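Trainee: Would you be able to build a 3D model of this:
(one chain, ligands or ions: 1)
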Amino acid sequence: MAAENPVERLLSLKGEVSSLPFPADEKELDALRVKYLGKKGAVSVVSQEMRHVPAAQKPEAGRLLQEIRTAVEGLVERAETEIKRNRVLREIENEFFDATLPGTAPEFGSAHPISAVMDEIVDIFSGMGFQVEEGPETESDLYNFEKLNFPPEHPARDMQDTFRLTGVDKILRTHTSPVQIRAMEKYGAPLAVIAPGKVYRCDADVTHSPMFHQIEGFVIDKDITMGDLKGTLQAFVRRFYGQDAKIRFRPSFFPFVEPGAEVDVSCVLCGAKGCRVCKNSGWLEILGAGMVHPNVLSAAGVDPNAWGGFAFGLGIERLAMLKYGVDDIRLFFENDMRFLRQF
Ligand code: DAH
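Mentor: You can find the predicted model right below:
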């Protein structure tokens, strides 16, 4: 080889390279790569021989070598792109694709009915100027009972109802009323608070769950009357159940209010005509309420001679059951998607 004129040999290699057929597939492309660019390929061989080229011919030989290398590398590159493109096109062709088929809709989650009802109630009271407060779910007897004017022998303290934590002097709160005390101690008077949260009672059947949700509401101010309580609840019930919803108060007893009342709403299921759910009375009990007991104000550091207030507490599950016509409270907590998807 070295005997031949190197420039001539480069010229003939250039001619060969310029008329190379375009590789049709990976196999032909690989063969081409090996033949010219591989370790023992033609381009590699001639570049090794460059050192034997006489000095006078070096510039020309170098230029030719560069042209050859560029030509082969260019061809390889174009072939790579083309072969890859053809492969993708073939794949697309073989794939079944119908642009007229509807797409797969992504699955959307939605709020749990209990959360939805709770948010709605909190929204209504926030709109009336109530501030949202929360209290701890593990409470002391002091806040859950004593400061709320429960006499020491009151049946609500019974082990049957209250979950007691072992090893610590704590219970799981049985209602959201302790937030009344905590908020008054924190902010003093005047005050308007709505306090949503979980509560616990050792009780389980179709209308009772050991964990359920309540919302406590209360207002502390000067010259608060039962008329304020009634007006507030009437406004709430109209927003929640509709303009035709009416309320009525029945006298009742809760240690932390005096006077106390149970509040009914006109049956939303039968339009107060009388049905199975309202036991033909036309009324449904939805909450407890009353005027905050002076002992409760004192226990929370608020002067009962200067301030008064009203309070109410309602059970979310009960309201949700009545709103959606659900007859078993346990459905809310079983997380059966067939049930939850209906909301
Ligand atoms: N805490 C009571 C319960 O869980 C509900 C209640 C009744 C709250 C009357 C009040 C109220 O604020 O005035 O049964």
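
Trainee: so who does Pro259 touch?
Mentor: Contacts for Pro259 (C-beta atoms under 8 Å, 6 or more residues apart in numbering) come out as 226, 251, 290-291. Every residue, glycine included, has its C-beta placed from N, CA and C.

Trainee: What about those residues, which are in helices?
Mentor: Met226 (DSSP state H).

Trainee: Highest neighbour count among the contacts of Pro259?
Mentor: Ranked by neighbour count (other C-beta atoms under 10 Å), the contacts of Pro259 have Gly290 at the top, with 25 neighbours.

Trainee: what about the spatially closest residue to that residue that is not a sequence neighbour, distance to Met291?
Mentor: Leaving aside its sequence neighbours, Gly290 sits nearest to Val257 (C-beta to C-beta, 6 or more residues apart in numbering; 2.6 Å). The spacing between Val257 and Met291, counted by C-beta to C-beta, to the nearest Å, is 6 Å.

Trainee: Assign Glu262 to helix, strand or coil.
Mentor: Assigned with DSSP: H, G, I helix; E, B strand; the rest coil, Glu262 falls in the strand class.

Trainee: if we can go back for a sec, between Val257 and Met291, which contacts overlap?
Mentor: Shared contacts of Val257 and Met291, defined by C-beta under 8 Å, 6+ apart, comprise 310-311.

Trainee: Who are the packing partners of the lengthiest helix in the chain?
Mentor: Determined from DSSP H, the single longest helix within the chain is helix 58-94. If contacts are counted by 3 or more C-beta pairs under 8 Å, 6 or more residues apart in numbering; DSSP states H and E, helix 58-94 sits against helix 6-18, helix 26-32, helix 42-49.

Trainee: Tell me which of the ones you listed sits nearest to Lys147.
Mentor: Distance to Lys147, taken as C-beta to C-beta, is lowest for helix 26-32 among the helices and strands packed on helix 58-94, at 82.9 Å.

Trainee: Report the buried residues of the one helix or strand Arg248 maps to.
Mentor: Using DSSP states H and E, Arg248 sits within strand 247-252. Buried residues in strand 247-252, counted by 16 or more other C-beta atoms under 10 Å: 247, 249.

Trainee: same question, stretch 178-194
Mentor: 178-184, 189, 191-194.

Trainee: I'd like the helices and strands packed on helix 58-94 as TSV, with mean pLDDT, distance to Ile68 and mean neighbour count appended.
Mentor: Formatted as TSV, the helices and strands packed on helix 58-94 follow (pLDDT from 0 to 100; distance: least, C-beta to C-beta, whole Å; neighbours: other C-beta atoms under 10 Å):
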stretch	mean pLDDT	distance to Ile68	mean neighbour count
helix 6-18	89	5	15
helix 26-32	93	13	14
helix 42-49	88	6	16
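
Trainee: Figure out which of the ones you listed is closest to the ligand.
Mentor: With C-beta to the nearest ligand atom as the criterion, the ligand lies closest to helix 26-32 of the helices and strands packed on helix 58-94, at 76.5 Å.

Trainee: what about that closest one, distance to the chain center?
Mentor: A distance of 55 Å separates the centroid of the chain from that of helix 26-32, by C-alpha atoms, centre = their mean, to the nearest Å.

Trainee: who touches that helix?
Mentor: Helix 26-32 is contacted from outside by 20, 23, 72, 75-76, 79-80, 83, using C-beta under 8 Å, 6+ apart.

Trainee: and the ligand, which of those reach it?
Mentor: Applying C-beta under 6 Å from any ligand atom to these, one finds that nothing falls near the ligand.

Trainee: Highest neighbour count among those?
Mentor: Val72 (22 neighbours).

Trainee: List the contacts of the closest residue to that one other than its chain neighbours.
Mentor: Spatial nearest neighbour of Val72, chain neighbours left out: Tyr36 (4.6 Å); criterion: C-beta to C-beta, 6+ apart. Residues in contact with Tyr36 (C-beta under 8 Å, 6+ apart) are 17, 42-43, 72.

Trainee: Look at Tyr36 and tell me its secondary structure.
Mentor: Criterion first, three-state DSSP; result for Tyr36: helix.

Trainee: Pull up the per-residue confidence for it.
Mentor: On pLDDT, Tyr36 comes in at 93.

Trainee: which stretches of the stretch 1-150 of the chain have low pLDDT?
Mentor: For the stretch 1-150 of the chain, the stretches flagged by pLDDT under 70 are 1-4.

Trainee: Kindly check the end-to-end length of stretch 199-212 for me.
Mentor: 5 Å (C-alpha to C-alpha, to the nearest Å).

Trainee: Centre of the chain to that stretch, how far?
Mentor: 25 Å.
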